[in-house]
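1. Need the 3D shape of this:
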Amino acid sequence: MNLRERFHEIMNFNTKVKSIKWEMAYWGKTLDRWYCEGLKKIRYPDITKHGTFITSTSNLYYPAWNSIKKTKLPDGIAITGGGLYWPTQGFPLDTDVRDQFKLDNSQILLNINLLFYPQFEIQVLEENENFMVYIDLDGVKRKFLKETATIPSSLEYPIRDWKSWQEIKANRLSFDSLSSRFPPDWQGKILEYRNRDYPLAIGGYPYGFFGTLAHLLGYERLFTFYYDEPELIHDIVNTFTELWIEIYSQVLFDLEVDMVQIWEDISYGSGSMVSPRVMKEFMLPYYKKFIEFLRVRGVNHFIVDTDGDCFDIIPFFIEAGVTALFPFEKGGKTSLRKVRKHFPRLAMMGGIPKGEIGQGKDRVNQLLIEVEEILKTGGYIPFADHSIPPGISFQEFSYYRNQLNQLINKTGEQ
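-> Below is the predicted model:
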């Protein structure tokens, strides 16, 4: 049984199949620490190798990462570890941690342009040794602090009102240029993907029915517009829904895909950022239309990526047709045990509190008791609940990862 087949069996709650060995991601500073502490440096992550087809799917933030002229990784960049789809956001893909701990290969995300065509021209507006201010492919003006080197902060957004939206809609969201949204070697990619042994995803960051709007309007403007400009919000969400359906019509004519990744980040430490009423009015109809279109065409796994405490909005996602959530950050009401008890057919990925991995062997052993319980019920791929931070030593991570691997090995037959 290859990785792709195992993914489907796991997400369909087959308890006889071993779960997948993935991690979500690691900070750049984390890997640099680990290389000094015993991780074998065979293929140092390279942020420059993202292909020639530049899109908002694969290359957002790349100008920021590339502005640091040094031999080591930016401290705050994420290096994907399988649980987070790749390519995304200019992040490199890890192979050294994978190989040392015999983890599984990554899920792969189709690199197609799901945002603007033509894309905005990248413009560096101001730069010195400390920061860079620039306009990215998505038209967002950002500031990147080179010392901390985390995701750049957004300063200005391309959608500000009806006028700016209508201009973008007319000039960058035409349905007449769909072929330009696919890589020039698409026919070769079709042959490659048809013979794959790994899970293939569509969607990803920054594509969601809340997430895309927050990304292009900013959270404050979006929250205000839900009440002051409801027709504008509906028009934006409907336009992107129709665009994605048109693009995916071509994808699914050419290929079978294994999952849809929907990025929302709609929750935070205390719960959802918006009310159930807002979700039902401005998201649910579009979710249902989108998921039904894809389900009829053979897609069965719909995975939402949201941080924070999402427990109270899980019923909304289930009603919408979502089948899995990640990364299940521990805190508030969201815990693996509680979610599985209340929503027994919701698949989960993640859920192991990253900050507690460094609290000693006894604490790791305690965390894995819950993990083992959930593994036995199926529908679960365990890994840390976000990128592993640099406070975790390589020795601490090694103990956790080896114990988790042993647990996975004994809870499945195949």
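2. And Asn365, how close does it get to Val371?
-> Note on Asn365: its distance to Val371, by CB to CB, to the nearest Å, is 10 Å. Where you see a C-beta, it was placed from the backbone N, CA and C, and this is true even at glycine.
3. what about these two, which has more around it?
-> Val371 (22 against 12; other CB atoms under 10 Å).
4. Spatially, and excluding backbone neighbours, which residue is closest to the more buried one.
-> Pro382 (4.9 Å; CB to CB, 6 or more residues apart in numbering).
5. So that neighbour sits against Leu375, correct?
-> Yes. Contact criterion CB atoms under 8 Å: Pro382 and Leu375 qualify, at 6.8 Å.
6. Residues that sit against both of those two, list them.
-> When contacts are counted by CB atoms under 8 Å, 6 or more residues apart in numbering, Pro382 and Leu375 are jointly contacted by 19, 408.
7. Between these two, which has more neighbouring residues?
-> Between Pro382 and Leu375, counted using other CB under 10 Å, Pro382 has the larger neighbour count: 29 against 24.
8. Do a quick rundown of the strands in the stretch 251-400 of the chain.
-> 259-263, 267-268, 271-272, 302-306, 324-327, 347-352, 380-384 (DSSP state E, counting those that start in this stretch).
9. Show me what counts as buried in the fifth one.
-> To tie it back to what came earlier, the one meant is strand 324-327. 324-327 (16 or more other CB atoms under 10 Å).
10. now swap in the fourth one and tell me
-> When burial is assessed from 16+ other CB under 10 Å, strand 302-306 yields the following buried residues: 302-306.
11. so which of the residues you listed comes closest to Thr30?
-> Nearest to Thr30 among the buried residues of strand 302-306 is Asp305, at 20.4 Å by CB to CB.
12. Next, the contact list for that closest one, please.
-> So Asp305 contacts 205, 208, 261-265, 325-327 (CB under 8 Å, 6+ apart).
13. Please check those and keep the buried ones.
-> Neighbour counting by 16+ other CB under 10 Å classes 205, 208, 261-265, 325-327 among these as buried.
14. Serialize the residues you listed to a markdown table and add fields for distance to Lys72.
-> Below are these laid out as a markdown table (distance: CB to CB, whole Å):
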| residue | distance to Lys72 |
| --- | --- |
| Tyr205 | 24 |
| Gly208 | 32 |
| Gln261 | 29 |
| Ile262 | 33 |
| Trp263 | 28 |
| Glu264 | 32 |
| Asp265 | 28 |
| Leu325 | 34 |
| Phe326 | 29 |
| Pro327 | 26 |
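15. any idea which of those residues is closest to Phe116?
-> Out of the buried ones among the contacts of Asp305, the member with the shortest distance to Phe116 (by CB to CB) is Tyr205, at 15.0 Å.
16. So the closest one sits against Thr88, correct?
-> Yes. With contact defined as CB under 8 Å, Tyr205 counts as touching Thr88 (5.2 Å).
17. Spell out which residues are contacts of both of those two.
-> Residues touching both Tyr205 and Thr88 (CB under 8 Å, 6+ apart): Thr57.
18. For Tyr286, see how far away the residue nearest to Val371 is.
-> According to CB to CB, Pro382 stands 31 Å off from Tyr286.
19. want to throw the buried ones among the contacts of Asp305 into JSON lines with distance to Gly358 and pLDDT?
-> Compiled in JSON lines, the buried ones among the contacts of Asp305 are given as follows (distance: CB to CB, whole Å; pLDDT from 0 to 100):
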{"residue": "Tyr205", "distance to Gly358": "27", "pLDDT": "98"}
{"residue": "Gly208", "distance to Gly358": "32", "pLDDT": "98"}
{"residue": "Gln261", "distance to Gly358": "29", "pLDDT": "98"}
{"residue": "Ile262", "distance to Gly358": "31", "pLDDT": "98"}
{"residue": "Trp263", "distance to Gly358": "28", "pLDDT": "98"}
{"residue": "Glu264", "distance to Gly358": "29", "pLDDT": "98"}
{"residue": "Asp265", "distance to Gly358": "25", "pLDDT": "96"}
{"residue": "Leu325", "distance to Gly358": "25", "pLDDT": "97"}
{"residue": "Phe326", "distance to Gly358": "22", "pLDDT": "96"}
{"residue": "Pro327", "distance to Gly358": "18", "pLDDT": "95"}
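20. Name the nearest of those residues relative to Asn113.
-> Tyr205 (13.5 Å).
21. Contacts only, for that closest one.
-> 57, 60, 88-89, 211, 263, 305.
22. which of these sit farthest apart?
-> Farthest-apart pair in the contacts of Tyr205 is Leu60 and Asp305; separation 14.9 Å (CB to CB).
23. ok, now how distant is Asn66 from Tyr134?
-> Counting by CB to CB, the gap from Asn66 to Tyr134 is 11 Å.
24. if you count what's nearby, which of the two comes out ahead?
-> The neighbour comparison of Asn66 against Tyr134 (other CB under 10 Å) goes to Tyr134, with 20 against 14.
25. close enough to count as contact, the more buried one and Ser153?
-> No. Judged on CB under 8 Å, Tyr134 makes no contact with Ser153 at a distance of 11.7 Å.
26. who touches both of the two?
-> Counting by CB under 8 Å, 6+ apart, the shared contacts of Tyr134 and Ser153 are 142, 144.
27. follow-up on the earlier one: out of the contacts of Tyr205, who's nearest Met11?
-> Asp305 (15.1 Å).
28. so what pLDDT did that closest one get?
-> pLDDT recorded at Asp305 is 97.
29. which sections of the stretch 251-400 of the chain are below the confidence cut-off?
-> Applying pLDDT under 70 to the stretch 251-400 of the chain flags the ranges 332.
30. Can you give me the distance of the residue lying closest to Val278 once chain neighbours are set aside to Ile77?
-> Once flanking residues are discounted, Val278 sits nearest to Tyr226: 5.3 Å by CB to CB, 6+ apart. Distance of Tyr226 to Ile77, computed by CB to CB: 33 Å.
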